[in-house]
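Trainee: One predicted model, sequence on top.
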Amino acid sequence: MDVQLLQRVVQLSKMMRQVLVATVGGEGLPHLSVGERLSVRGEDGVSLFSWSCPQTLSNIQENWHVALVVWDVRSDEGYQLLGEVQAVRDHSVLDGYLPNEAPQVTPQVEHELQVRVTQIMRFSHFAHTDMPLEQVAK
């Protein structure tokens, strides 16, 4: 894995302040959500921090494959990370933090999705190859 490329993707995510998260459940139904930030984990991984949708978490329990997209629409610079969720950790928990609101049935949890990245591809509005960037460079 190209660690410098992974770091570039993480830097772009910090500028954009959002990461698209695509999952598919056991029934084959896709789901798209948005995460807040990425950080590099080792030589081939990232941590995604997100106030995850219940469907995202359900899908990950059934199918650990995930696609993460970081994209600057204005410059059309973007990357798609394909990988496998290795672990889901509770990062922050909020429950009943708005005093005038009814208590939540379930706690509101910011999760850390630890993802082993297997491929990095360009993501763009314009035509582009879906070949991993490491193969394109060869």
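Mentor: Received, thanks.

Trainee: Tell me where the model's unsure across this structure.
Mentor: Along the chain, the parts satisfying pLDDT under 70 run over 95-107, 135-138.

Trainee: So in it, which strand runs the longest?
Mentor: As assigned by DSSP state E, the longest strand anywhere in the chain is strand 77-94.

Trainee: Next, the buried residues of it.
Mentor: 77-83, 85, 88 (16 or more other C-beta atoms under 10 Å). Every residue, glycine included, has its C-beta placed from N, CA and C.

Trainee: name the helices or strands packed onto it?
Mentor: Strand 77-94 sits against helix 3-16, strand 45-50, helix 54-62, strand 65-72, strand 108-122, with contacts defined as 3 or more C-beta pairs under 8 Å, 6 or more residues apart in numbering; DSSP states H and E.

Trainee: Please report phi then psi for residue 26.
Mentor: Torsion angles at residue 26 (phi, psi; degrees, to the nearest 10) stand at phi -60, psi -30.

Trainee: What sits closest to it if chain neighbours are left out?
Mentor: Excluding the flanking residues, the one nearest residue 26 by C-beta to C-beta, 6 or more residues apart in numbering is residue 62, at 3.6 Å.

Trainee: doesn't residue 28 make contact with the one you found?
Mentor: No: Residue 62 is beyond contact range of residue 28, at 10.0 Å (criterion: C-beta atoms under 8 Å).

Trainee: more crowded one of these two?
Mentor: Between residue 62 and residue 28, counted using other C-beta atoms under 10 Å, residue 62 has the larger neighbour count: 11 against 7.

Trainee: Next one: the more buried one from residue 1, what distance?
Mentor: 26 Å (C-beta to C-beta, to the nearest Å).

Trainee: same check, this time on residue 69
Mentor: Residue 69 is 18 Å from residue 1, by C-beta to C-beta.

Trainee: circling back to that earlier point, can you state the direction angle for the longest strand of the chain and strand 108-122?
Mentor: 170 degrees (axes from the mean of the first three to the mean of the last three C-alpha atoms, to 10 degrees).

Trainee: Relative to strand 77-94, what are the paired strands and their orientations?
Mentor: The strands beside strand 77-94 in its sheet (DSSP bridges) come out as strand 65-72 (antiparallel), strand 108-122 (antiparallel).
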